[in-house]
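>>> Give me coordinates for this.
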Amino acid sequence: MTFLAPGFLIALALAIPLIGIYVLKVRPRQVPVTAIFLWDRVFVEKQTSALFRKLRDLLSLLLMLAALMLLVSSAARPRLEDADNRDLLLLIDNSISMSADREGVVALEGARSAAHDMVTGLSTGRRAAVASVSDHLEFRSLLTHDTRRLRDAIDGIEASDLPTRPGVLEPIQKADLAAANLRVILLTDGVGDRFEIPEHVEMMQLAQPADPVDNIGFAAADLVPVPGAEDMLLLFRLVSSCEESRSIEVALRQDGAIVKLMPVEVPPGVGEPMMYRVPGPTGRYQLELQSVSDALAADNRVLLVARALRPVNVAIQTQGSWFFENAVDAFDRSAGLLRLAREAESADVCISFGAADESCGAGLHLVFAPGSESDARIETPLPRQLAADHPALQFVPVETLLFAGARRVVAPAGSAILARDASGTPLIWQHREGERVTLVFNFDPALDEFFLSPWFPLIVHGAATHLGGRTEPVASTYPTGSAVTPPGAGPGEPVTVRGPEPVEAHTIGVATREVSGTLRLEQAGYYVTTARGGEWDLAAAPLNRFESSLASLEEAEPTLAVTRGRPIPITLGIIAIIVLVAEEILYHRRKVG
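Purely as a prediction, here's the structure:
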């Protein structure tokens, strides 16, 4: 055993005056009395109890010396030499499966309890940090000696609707833990998609695969209107951890009323996709397992939004509009993604030549052949694409286009250059000025018969869907943890988000916030986004076959060699107080004189 503060051991010298107090003999006072025979009985009783008093004094002295040694040792902060004195990083898994009820045992509660024990067992000088693990790593407390802060961080980790993401512990794997003198412990049930534990991360597995539990949940779901019909197509897939097939009922509800009730036979493992045609209007729906009591309730319901097709309305404000109209109509007839707007004021996107037309209602412009006749042309442009993953160009081989009629123009200050010529002249750029966003292609599609090229309609489609905020299809529901580009928002445009909303109609107390870029759906529920393109309903549900199957990793030790209980200095201090109280009760108080 070593001491972190050995200087306090000098206080053991206080034992000398303490012993002196006990061995000091006080000379009794002499007082004259009228009759000595009255005191004979007192002297006899005092002689008979002298041995007991000596033993009592000795016991009191030993107790006081023991209390002194314990207090001094506690102040010197003793520590075992062979103990693990590294700082602790406690990773607590709070993914979906951690809230499963495994015959009355909830893994997350066990993880919090074990983490509390480890914090209590921190020896003097050691620090700890706390983080939660699901589809991302979130630190709840940095390294600190403050056990109250650590306990608050542990108690603040609640069950989430998020799955465990592969590679979530990669930052821990890359860290130099030896140099940081850090011990990492993961408290988990071992359930997740390709759940990989880095070699230097120790795992306390709180659920063993030898103890399977029954659970049935949704692994996937979709609800889409049938084109040209008044009903919808419902698809879903179930996953079961039961050892045998089970017969259950699945209900599709809207506003609490059952739209369709479907008897289903659920085999063990991941079942085959099931498809049903159901009547009903567009709107919010709930797909639920009926009367199923299993380990995990979170995956028994899926929230869905059946939405009518909402195309991007495109207005043509240029000569030779037939080619543009034909390109828009092609995507209107095929998938309904674009639709021709007859009036610019009602359009989402306007296409023009030379410059943006101010009459466009939404302020989103696609411009070809910018500049004027006075600007010199580039004889043979050599395009270089600068933004390979830009959504407006994802289907266009930019570097193979001829860019006929490109002129030596200068893009407005602050523009994002997407492609340029070898000489530095911008060929494609995007510019924002207030609420107006303009995507410019520096070439004339009327030259070299580019109107007849297969890339021309793809440019129109990519630019219109990008400007209109429809580059990604809007699903009827998203797995929790998905990063979604809010539909209907222009490039870089902030979006107001309300949610997650409960299934019930009321929205009192539902948070509203503003986001830019992607929106993470971290909780199950309905979300309402509001942007230039109007309001959109989004739904999120815990759809993950790995979490619903509750399949743990290979069997692991449920406990680790971790110091638990109170640290040695605190324990010694508590014992010292008990000894002092015992001495006070047994001996009352020693009086001198």
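>>> Could you chop this protein up by domain?
2-81+572-591, 87-207, 216-309+543-548, 312-467, 485-537 (automatic domain parsing).
>>> Go through these and name the closest to Val474.
Between Val474 and those, the shortest gap by CB to CB is with domain 485-537, which sits at 5.0 Å. In this view, the C-beta of every residue, glycine as well, is placed from N, C-alpha and C.
>>> ok, how many other residues are close to Leu418?
21 (other CB atoms under 10 Å).
>>> Next: Ile378.
21.
>>> can I assume it is in contact with Ala422?
No - using CB atoms under 8 Å, Ile378 is not in contact with Ala422; the gap is 9.5 Å.
>>> Return the distance of Leu88 relative to Leu122.
Per CB to CB, to the nearest Å, Leu88 is found 7 Å from Leu122.
>>> Show me whatever sits in contact with both of these two.
Ala128 (CB atoms under 8 Å, 6 or more residues apart in numbering).
>>> neighbour-wise, which of those two wins?
Leu88 (23 against 19).
>>> And that one, what's its pLDDT?
As predicted, Leu88 sits at a pLDDT of 90.
>>> That one pairs with what?
Ala128, Arg183 (DSSP bridges).
>>> quick one, what contacts it?
By CB under 8 Å, 6+ apart, the neighbours of Leu88 are 118, 122, 126-129, 182-185.
>>> Tell me which two of those sit farthest apart.
Leu122 and Val184 (15.1 Å).
>>> and Glu272, helix, strand or coil?
coil (DSSP: H, G, I helix; E, B strand; the rest coil).
>>> Nearest to the spatial middle of the chain, which residue is it?
Taking CA atoms, centre = their mean, the centroid of the chain lies closest to His136, which sits 5.0 Å from it.
>>> And for the residue lying closest to it once chain neighbours are set aside, the neighbour number?
Distances taken as CB to CB, 6 or more residues apart in numbering place Val168 nearest to His136, at 6.5 Å, with adjacent residues excluded. Per other CB under 10 Å, the neighbour tally for Val168 reads 21.
>>> who touches Val168 in this structure?
Per CB under 8 Å, 6+ apart, neighbours of Val168: 133-137.
>>> Next, format those residues as a markdown table and append pLDDT.
A markdown table is the format used below for these (pLDDT from 0 to 100):
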| residue | pLDDT |
| --- | --- |
| Val133 | 92 |
| Ser134 | 91 |
| Asp135 | 89 |
| His136 | 90 |
| Leu137 | 91 |
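>>> Surely Gly499 and Gly525 touch.
Yes - counting by CB under 8 Å, Gly499 does reach Gly525; the two are 5.8 Å apart.
>>> Tell me which of these two has more neighbours.
Taking neighbours as other CB under 10 Å, Gly499 and Gly525 compare with Gly499 leading, 22 against 19.
>>> Need phi/psi at the more buried one.
In terms of degrees, to the nearest 10, the main-chain angles of Gly499 are phi 140, psi 180.
>>> What sits closest to it if chain neighbours are left out?
Tyr527 (3.5 Å).
>>> Please name the bridge partners of that neighbour.
Leu538.
>>> Enumerate every residue touching the nearest residue to Asn181 once chain neighbours are set aside.
Nearest residue to Asn181, sequence neighbours excluded (CB to CB, 6+ apart): Arg86, at 5.1 Å. By CB under 8 Å, 6+ apart, the contact set of Arg86 is 126, 181-183.
>>> of all those, which comes closest to Gly517?
Nearest member of the contacts of Arg86 to Gly517, counting by CB to CB, is Leu182, at 33.3 Å.
>>> tell me the pLDDT at Pro487?
The model's pLDDT for Pro487 equals 86.
>>> That one in helix, strand or coil?
Pro487 ends up coil, using three-state DSSP.
>>> Which residues are in contact with it?
Per CB under 8 Å, 6+ apart, neighbours of Pro487: 469-470, 472, 474, 529, 531, 533, 536.
>>> Now do the contacts for Leu235.
Contacts of Leu235 by CB under 8 Å, 6+ apart are 220-223, 273-276.
>>> try 6 Å this time
By CB atoms under 6 Å, 6 or more residues apart in numbering, the residues touching Leu235 are 222, 273, 275.
>>> Who wins on neighbours among those?
Busiest of these [other CB under 10 Å] is Asp222, holding 19 neighbours.
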